[in-house]
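Peer 1: Okay, predicted coordinates and the sequence, questions at the end:
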Amino acid sequence: MVAKKTKEKNNEPLEAKLWKAADTLRKNIDAAEYKHVVLDLIFLKYISDAFEKLYNELKKDPYADLEDKDEYLARNIFYIPKKARWKEIEKHARDL
């Protein structure tokens, strides 16, 4: 039964998943304020994906410094400090 529910949830349309996630995040925040939280998270996810892609490319270069901001800025990618990276946020998302 649990496996079936999980499978059904995975087949749920993306719009429904996003709506549920938004409701969970919003809780008691006013809708006018909520949009700022959501837009910030979407922006962070977008720049995190670009950062992660370049980070993985730089790993292949033995002369690259993975934590040098200039490596990323030279390619017009935002440098994201370790504590602010998406994987860290995901890891601590339920800590509150």
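Peer 2: Done, it's in. Numbering: from 1, shown residues only.
Peer 1: Show me where the protein dips below the pLDDT cut-off.
Peer 2: Low-confidence segments of the chain, defined by pLDDT under 70, span residues 1-10, 25-26, 31, 96.
Peer 1: what residue lies at the spatial centre of it?
Peer 2: With the centre of the chain defined as its mean C-alpha position, the nearest residue by Cα atoms, centre = their mean is residue 45, 3.5 Å away.
Peer 1: Excluding residues flanking it in the chain, which one is nearest that residue?
Peer 2: Leaving aside its sequence neighbours, residue 45 sits nearest to residue 86 (Cβ to Cβ, 6 or more residues apart in numbering; 6.1 Å). Just so you know, the C-beta spots here come from the backbone N, C-alpha and C atoms, and that holds for glycine as well.
Peer 1: distance of that neighbour from residue 78?
Peer 2: When distances are taken as Cβ to Cβ, to the nearest Å, residue 86 and residue 78 turn out to be 12 Å apart.
Peer 1: now residue 56
Peer 2: Counting by Cβ to Cβ, the gap from residue 56 to residue 78 is 16 Å.
Peer 1: Between those two, tell me which one has more neighbours.
Peer 2: When residue 56 and residue 78 are compared on other Cβ atoms under 10 Å, the one with more neighbours turns out to be residue 78, at 16 against 10.
Peer 1: Report the contact partners of the nearest residue to the more buried one once chain neighbours are set aside.
Peer 2: Taking Cβ to Cβ, 6+ apart as the measure, residue 78 lies nearest to residue 47, with 4.5 Å between them; neighbours along the chain are not counted. The neighbours of residue 47, taking Cβ atoms under 8 Å, 6 or more residues apart in numbering as the test, are 77-78, 80.
Peer 1: can you do 10 Å?
Peer 2: When contacts are counted by Cβ atoms under 10 Å, 6 or more residues apart in numbering, residue 47 touches 77-80, 84, 86.
Peer 1: And it, which helix or strand is it part of?
Peer 2: Secondary structure here is read from DSSP states H and E; on that basis residue 47 sits in helix 31-59.
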